[in-house]
Every structure is written in structure tokens, then in C-alpha cells.
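Q: I need the structure of the sequence given here:
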Amino acid sequence: MTQTLKAKLSNWLKHAFAVESTPAAPSRQELLIVERICLEVVRRRMTTPSLTFLEMVRPLNYISSQAMQFFHPMVSAVANAEDYATFASFLERRDSIDILASTIERHEKAATAQDNKQ
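A: Now for the predicted structure:
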């Protein structure tokens, strides 16, 4: 009896804090919003500060998404509420910071290449 209880407890502890290894891909609407935000960051030449900020707040991305959910009623008075809610739910993803950073870097590389051609 004790051995089976110990085995059950051990098995439960192995998977108690497991997270899914392959999250679902972001939706098309989420990717469109991310593209729009990242293009604006690159257009304003804020790539380096943005990437630094994203890396600093990486552990807090879920908390920040919850803060965005909290402020949703106030922000919806001045911004597109649907896009705001979609972006807030996107930030709940574990890979959201990686997606944002890679998109900013991709757009920055394209903008630099275009500037070098001119």
C-alpha cells in the first residue's frame, strides 16, 4: 500500500509543473496585430530599446497580459477593443516574447537592407 501511494505521489510530482512543449501556432489575427506593432516599432527606430525591454520583461509577460485585461474597459474607450483584447490574450502565450522579438528583428533587417539600397 505504501509503495503504490509513494509511486502515485512520485508520478504526480513529475508532472505537477509540466507545461505543454508545443503550443498551438498563433492565430492569423494575432499575427496581423503583431506585424502592425512591430512595423511601427521599426518605423520609429525603436528596435534596440524594444528588444531590450522585451528581454527584461520576459518573466512578467503573463502578468502584463493580465494587467492589460484589467485596463481593457478603459482602453477600449480610446482604442480598438477587439485588437487590444486579442493582443492581451496573445501575451499570455509562453512564446509571445520570442515571436515579438523575431518579428521586430526581421522587419529591422528588411528596413536596413532597404536603407542600404538607397
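
Q: only C-alpha atoms from now on, for both contacts and neighbour counts.
A: Will do.

Q: buried residues, stretch 102-111. List them.
A: 103-105, 107-108, 111 (16 or more other CA atoms under 10 Å).

Q: pick the one among these closest to residue 28.
A: residue 103 (14.3 Å; CA to CA).

Q: which residues are in contact with that closest one?
A: Taking CA atoms under 8 Å, 6 or more residues apart in numbering as the contact definition, residue 103 lies against 34-35, 38.

Q: host element of it?
A: Per DSSP states H and E, residue 103 falls inside helix 96-117.

Q: picking that back up, neighbour-wise, which of the contacts of residue 103 leads?
A: Counting neighbours by other CA atoms under 10 Å, the top entry in these is residue 38, with 24 neighbours.

Q: check contacts around that one.
A: So residue 38 contacts 100, 103-104, 107 (CA under 8 Å, 6+ apart).

Q: got the CA positions of the helix or strand encompassing it in PDB?
A: Using DSSP H and E, residue 38 sits within helix 28-43. These are the backbone C-alpha positions of helix 28-43, laid out as PDB (Å, rounded to 0.1, in the frame of the first residue of the first chain):
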ATOM      1  CA  ARG A  28      -3.900  34.900 -38.200                       C
ATOM      2  CA  GLN A  29      -5.400  37.900 -36.300                       C
ATOM      3  CA  GLU A  30      -2.800  37.700 -33.600                       C
ATOM      4  CA  LEU A  31       0.000  37.600 -36.200                       C
ATOM      5  CA  LEU A  32      -1.500  40.600 -38.100                       C
ATOM      6  CA  ILE A  33      -1.600  42.600 -34.800                       C
ATOM      7  CA  VAL A  34       2.000  41.600 -34.000                       C
ATOM      8  CA  GLU A  35       3.100  42.600 -37.500                       C
ATOM      9  CA  ARG A  36       1.500  46.000 -37.200                       C
ATOM     10  CA  ILE A  37       3.000  46.700 -33.800                       C
ATOM     11  CA  CYS A  38       6.500  45.500 -34.900                       C
ATOM     12  CA  LEU A  39       6.400  47.600 -38.100                       C
ATOM     13  CA  GLU A  40       5.600  50.700 -36.000                       C
ATOM     14  CA  VAL A  41       8.500  49.900 -33.600                       C
ATOM     15  CA  VAL A  42      10.900  49.600 -36.600                       C
ATOM     16  CA  ARG A  43       9.500  52.700 -38.300                       C
END
